[in-house]
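Asker: Okay, sequence plus prediction incoming.
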Amino acid sequence: MKKVVLVLIAAGSILSSCNKEEKMQIPTEPVDIKELKVGNHFDWNAAKTYEIEIIGYANSVLKIKDMDGNILHQAMLTKNVGYKTILQLPAHQKTVKAEFLGNSYEISLDNTNIQFTLN
């Protein structure tokens, strides 16, 4: 009797695990980029352009870096004179780091025109 029950349980688990997989319908991909349907406000550009003006409190070298420490721009600042540069950065980037005379400053990229005074 026990063998019959074990055989039935084994057969039931084997049969229930052998279900036929349902085929998923894969959408057809556009053949040409002109066939892509995107909203009118979709921005194809993956970068943003920022105009940054920095005023330093001394004559020295300024380094602008990403948050991983990669140098994006380097310039010699003149005391109390604005220095302007244009940087094109990935759109997902939200901050950069300015290094000046051993100090580090975090600059938020919340606007495309940025003025920053080093203190």
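Answerer: Cool, the structure landed. Residues are numbered from 1 along each chain as shown.
Asker: Please identify the helix or strand for the closest residue to Met76 other than its chain neighbours.
Answerer: Once flanking residues are discounted, Met76 sits nearest to Val61: 5.8 Å by CB to CB, 6 or more residues apart in numbering. Quick note: C-beta positions are derived from backbone N, CA and C, even for glycine. Val61 is part of strand 60-65 when elements are defined by DSSP states H and E.
Asker: Kindly report the same for Ile9.
Answerer: Counting by DSSP H and E, Ile9 is found in helix 2-17.
Asker: Just give the number of residues close to Lys37.
Answerer: Other residues near Lys37 number 6, with proximity taken as other CB atoms under 10 Å.
Asker: What separation do you get for it and Gln88?
Answerer: Per CB to CB, to the nearest Å, Lys37 is found 28 Å from Gln88.
Asker: Thr117 contacts Ile55, doesn't it?
Answerer: Yes - between Thr117 and Ile55 there is a contact under CB atoms under 8 Å: 4.7 Å.
Asker: And those two? Which one has more around it.
Answerer: Taking neighbours as other CB under 10 Å, Thr117 and Ile55 compare with Ile55 leading, 16 against 12.
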